[in-house]
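Peer 1: A predicted structure for the sequence below; I have some questions about it.
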Amino acid sequence: MLSEQSAATLRATLPAVGAALGTITERFYTGLFAAHPELLRDLFNRGNQASGTQRQALAGSVAAIAEVLGDAVTPEAAAAWDEVYWLMANALIAVEQRLREERGGHTRRTWEVVERVAETADVATFRLRAADGGPVRDFLAGQYVSVRLALADGARQIRQYSLSGAPGPDLRQISVKRVHETGTPDGEVSAHLHARVRVGDVLELSEPYGDLVLDAGPDTPLLLASAGIGVTPMTAMLTHLAGSGHRAPVTVVHADRSPATHALRADHEAWAAKLPGAAVHLWYEQDAPAGTHTGLADLTGVALAPGTRAYLCGPLPFMRAVRTQLIAKGVAPADIHYEVFGPDLWLAGQA
Ligand SMILES: Cc1cc2nc3c(=O)[nH]c(=O)nc-3n(C[C@H](O)[C@H](O)[C@H](O)COP(=O)(O)OP(=O)(O)OC[C@H]3O[C@@H](n4cnc5c(N)ncnc54)[C@H](O)[C@@H]3O)c2cc1C
């Protein structure tokens with residue numbers, strides 16, 4: 001995920017930062033507790049996490065690096081460390097949230113599959129209604145649920161799936177890609193859902209969670225960039241934006257193997273079309289129809305309004321490429337939010 005320009009700068013400045021780490025840490029915590037004495041009472045509590053105070057406070061670590069290393073920190077090096085900070089914050093917060101959710105004993109409910117839709121050869125949407133008929137909590141566009149199910153051998157497994165439809169009064173929907181690649185075993189849960197779960201069956205779902213939620217007023221320009229099954233949180237966000245009177249420009253970017261593998265394509269385009277300021281840019285590696293591009297996503301010619309807030313979801317190489325281009329276009333690292341549908345190997349291949 002780290003942009004290419006920052007990776008080189010980080011490699012060059014790492015020895016100096018490493019040598020001064022003791023002093024940097026001391027300065028950082030002194031400054032942090034002076035600015036937020038409440039953290040001393042309840043270090044990194046949930047409230048701080050939810051309100052964003054913890055993130056802002058931790059951002060001071062970058063300032064501490066600049067303070068200790070003085071003139072050695074060029075604007076380029078500061079920008080690179082700033083980028084690392086936001087990547088780490090995103091990864092650690094996501095991991096902490098999932099651990100808390102999995103171990104915290106949050107309530108789970110049973111949901112009945114009321115509709116199953118084949119989106120593409122490998123992606124199926126399951127529409128679900130709470131089996132107890134009780135009230136259903138609203139969710140924020142971009143959140144996911146954890147699905148827990150018993151596999152054929154009796155093993156209980158949990159996997160996360162983004163809610164791919166609009167927050168609604170009683171229905172929830174997830175869209176699941178069947179994981180089957182040559183040379184590796186089929187994905188356990190996705191294969192089970194595809195092969196065995198039909199209308200009338202029930203699934204156990206957690207309440208909705210997740211940090212990749214839209215945090216933007218109607219006048220904030222947005223970029224929603226996805227690839228492959230990363231489209232799922234984006235369709236939920238688009239339905240929400242269309243229903244909430246979003247006015248500012250929304251740039252929709254999606255990349256896929258072909259139009260036939262582009263899950264939720266009709267929803268993706270239809271909801272974008274309902275927004276007054278939306279521009280849709282599609283890339284397909286094969287069979288690109290007129291008006292779309294052939295090949296991998298490339299944002300070179302895509303104009304972004306100043307102050308654009310970006311939401312990314314897709315395979316790591318896609319997100320790394322898009323993130324690099326966004327930073328080169330002047331989008332602040334703090335304004336780039338992303339979800340990884342697996343381990344967040346944000347420095348993978350760059351060491
Ligand atoms: C927040 C979040 C949201 C998500 N939203 C969605 C969504 O909307 N839609 C969606 O489809 N997915 C989503 N995912 C991904 C989803 O949670 C699962 O990770 C995905 O369905 C694969 O799970 P699985 O049980 O099918 O595969 P697993 O059984 O967990 O396998 C995962 C991978 O490991 C490989 N593997 C397993 N065992 C071995 C082995 N012995 N040797 C080598 N390789 C092996 C498999 O081949 C496969 O590629 C999301 C994930 C997260 C974290």
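Peer 2: Thanks, I have it. Numbers count the residues shown, from 1 in each chain.
Peer 1: residues from the stretch 151-300 of the chain in reach of the ligand?
Peer 2: 159-162, 175-177, 179, 181, 184-185, 187-191, 210, 229, 232 (CB under 6 Å from any ligand atom). Just so you know, the C-beta spots here come from the backbone N, C-alpha and C atoms, and that holds for glycine as well.
Peer 1: how does it look with 8 Å?
Peer 2: 157, 159-162, 164, 174-181, 184-193, 210, 212, 229, 232-233 (CB under 8 Å from any ligand atom).
Peer 1: Quick check: helices, which of these are part of them?
Peer 2: Glu188, Val189, Ser190, Ala191, His192, Leu193, Thr232, Pro233 (DSSP state H).
Peer 1: top of those residues by neighbour count?
Peer 2: Neighbour counts for those, by other CB atoms under 10 Å, peak at Thr232, which reaches 29 neighbours.
Peer 1: Show the buried residues in the residues of the stretch 151-300 of the chain next to the ligand.
Peer 2: 159-162, 164, 174-179, 187-193, 210, 212, 229, 232-233 (16 or more other CB atoms under 10 Å).
Peer 1: can you map out the helices along the stretch 51-200 of the chain?
Peer 2: For the stretch 51-200 of the chain, applying DSSP state H, counting those that start in this stretch gives helices covering 53-58, 60-69, 75-103, 188-196.
Peer 1: weakest of the ones you listed in terms of mean pLDDT?
Peer 2: In terms of mean pLDDT, the lowest-scoring of these is helix 53-58 (a mean of 48).
Peer 1: before we move on, back to that, just name the closest of the ones in helices among the residues of the stretch 151-300 of the chain next to the ligand to Glu76, please.
Peer 2: Proximity of those to Glu76 (CB to CB) peaks at Pro233, which lies at 32.5 Å.
Peer 1: Contact partners for the closest one?
Peer 2: Shown in contact with Pro233 (CB atoms under 8 Å, 6 or more residues apart in numbering): Ala141, Gly142, Gln143, Tyr144, Ser162, Leu163, Ser164, Leu212, Ser226, Tyr311, Cys313, Glu339.
Peer 1: ditto for Arg247
Peer 2: Here Arg247 is in contact with Pro218, Asp219, Pro276, Gly277 (CB under 8 Å, 6+ apart).
Peer 1: how many neighbours does the third one have?
Peer 2: A count of nearby residues for Pro276, using other CB under 10 Å, gives 11.
Peer 1: and if you look at the second one?
Peer 2: In terms of burial, Asp219 registers 9 neighbours under the definition other CB under 10 Å.
Peer 1: Run through the neighbouring helices and strands of the longest strand seen in the chain.
Peer 2: Looking across the chain with DSSP state E, the single longest strand is strand 108-118. Applying 3 or more CB pairs under 8 Å, 6 or more residues apart in numbering; DSSP states H and E, we find strand 108-118 packed against strand 123-130, strand 202-206.
Peer 1: Give me the contacts around the last one.
Peer 2: The one in question is strand 202-206. 101, 106-113, 126, 128, 131, 145-149, 172, 197.
Peer 1: low-scoring pLDDT stretches of the stretch 251-351 of the chain, where are they?
Peer 2: Applying pLDDT under 70 to the stretch 251-351 of the chain flags the ranges 343-351.
Peer 1: Smallest distance to the ligand belongs to which residue of it?
Peer 2: Phe341 (3.7 Å; CB to the nearest ligand atom).
Peer 1: same deal with the stretch 51-200 of the chain?
Peer 2: Minimum separation of the stretch 51-200 of the chain from the ligand (CB to the nearest ligand atom) falls at Gly187, amounting to 2.2 Å.
Peer 1: Surely that residue is in contact with His180?
Peer 2: Yes - with the criterion set as CB atoms under 8 Å, Gly187 and His180 qualify as a contacting pair; they are 7.1 Å apart.
Peer 1: check contacts around Ser190.
Peer 2: By CB under 8 Å, 6+ apart, the contact list for Ser190 reads Arg159, Val176, Lys177, Arg178, Val179.
Peer 1: Just send these back as a markdown table, with pLDDT too.
Peer 2: A markdown table is the format used below for the contacts of Ser190 (pLDDT from 0 to 100):
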| residue | pLDDT |
| --- | --- |
| Arg159 | 91 |
| Val176 | 98 |
| Lys177 | 97 |
| Arg178 | 96 |
| Val179 | 92 |
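Peer 1: Mind checking which of the residues you listed are in strands?
Peer 2: Within these, residues falling in strands by DSSP E are Arg159, Val176, Lys177.
Peer 1: nearest residue to the first one other than its sequence neighbours?
Peer 2: The spatially closest residue to Arg159, leaving aside those adjacent along the chain, is Val189, at 4.4 Å (CB to CB, 6 or more residues apart in numbering).
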